[in-house]
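J.: A structural model of the following input is requested.
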Amino acid sequence: MIIMSILILSFVDGTLFEFDESLCSNNMIGDLICNSVCNIGICEFDSPYKDSTGFNSFKHSDCYEDCLNTSCNTYLLGNEVCDDECNNQSCGWDIGDCNFVCNNGCTEDMLGNGICDPSCNVPECRYDNNDCGWCNEGCFKENLQLYTECIPQCNNTETYCFYEDNNPCFPPCAKGCPVYLLKD
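T.: Prediction:
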């Protein structure tokens, strides 16, 4: 496991955001499940292998089988031409040839430009690389609607980033008791 972590962290190029800033965790790489948050270039398209061309890396990815089930001919992947039949999430947007870095319609120049672009406002793109809403570093506004897991960064009243109802970090004091009254 340590070697796998070293391999994964060793090929981060940092052009968009670091691997550890993506929503892809080390244990998702090589788990035999194609995770859309990992099927992006910064995460080697959900593959534990790195290759200079990208295709050999993708052949060993968790998403390769999904790509084979599309109309994409694999010889077109990574040929520096955006091929329509390979321009989909399963094929990693033609392994980057289509200039979509994390979602259909989201290009690198759209990320982190100060404008919340709808095509980039997805977890795979870190919600437009934060243009669409961290309420606190490590907590997306959308996390506040998930009441199943306590995310400490989403429980910070100093930054006005906290669960308003059904806070999973604290048991409720009474039905309808707001978080700010807990421990009051």
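J.: what's the span of stretch 84-102 from first residue to last?
T.: By CA to CA, to the nearest Å, the extent of stretch 84-102 from end to end equals 16 Å.
J.: For it, give me every contacting residue.
T.: If you take CB atoms under 8 Å, 6 or more residues apart in numbering as the criterion, stretch 84-102 is touched by 16, 34, 36, 39-41, 45, 54-55, 58, 61, 63, 66-67, 69-73, 76-83, 103-104, 106-108, 111, 120, 122, 124-126. Yep, even glycine has a C-beta here, placed from its N, CA and C like the rest.
J.: Just the buried ones from those?
T.: Neighbour counting with 16 or more other CB atoms under 10 Å marks 16, 34, 36, 39-41, 45, 54-55, 58, 61, 63, 66-67, 72, 76-78, 83, 103, 106, 108, 111, 120, 122, 124-126 as buried within the contacts of stretch 84-102.
J.: Inside helices: which ones of these?
T.: Using DSSP state H, the members of the buried ones among the contacts of stretch 84-102 that fall within helices are 55, 58, 66-67, 126.
J.: Tell me which of the residues you listed has the lowest pLDDT.
T.: In terms of pLDDT, the weakest of these is R126, which scores 75.
J.: Check the gap between that residue and Y64 for me.
T.: Distance, R126 to Y64, by CB to CB, to the nearest Å: 24 Å.
J.: and what of G54?
T.: From G54 across to Y64, the span is 12 Å (CB to CB).
J.: what sits in contact with each of the two?
T.: With CB under 8 Å, 6+ apart as the test, G54 and Y64 reach no residue in common.
J.: check contacts around V81.
T.: Going by CB under 8 Å, 6+ apart, V81 touches 94, 97.
J.: Quick check: which element contains it?
T.: Using DSSP states H and E, V81 falls within no helix or strand.
J.: Alright, calling it a day.
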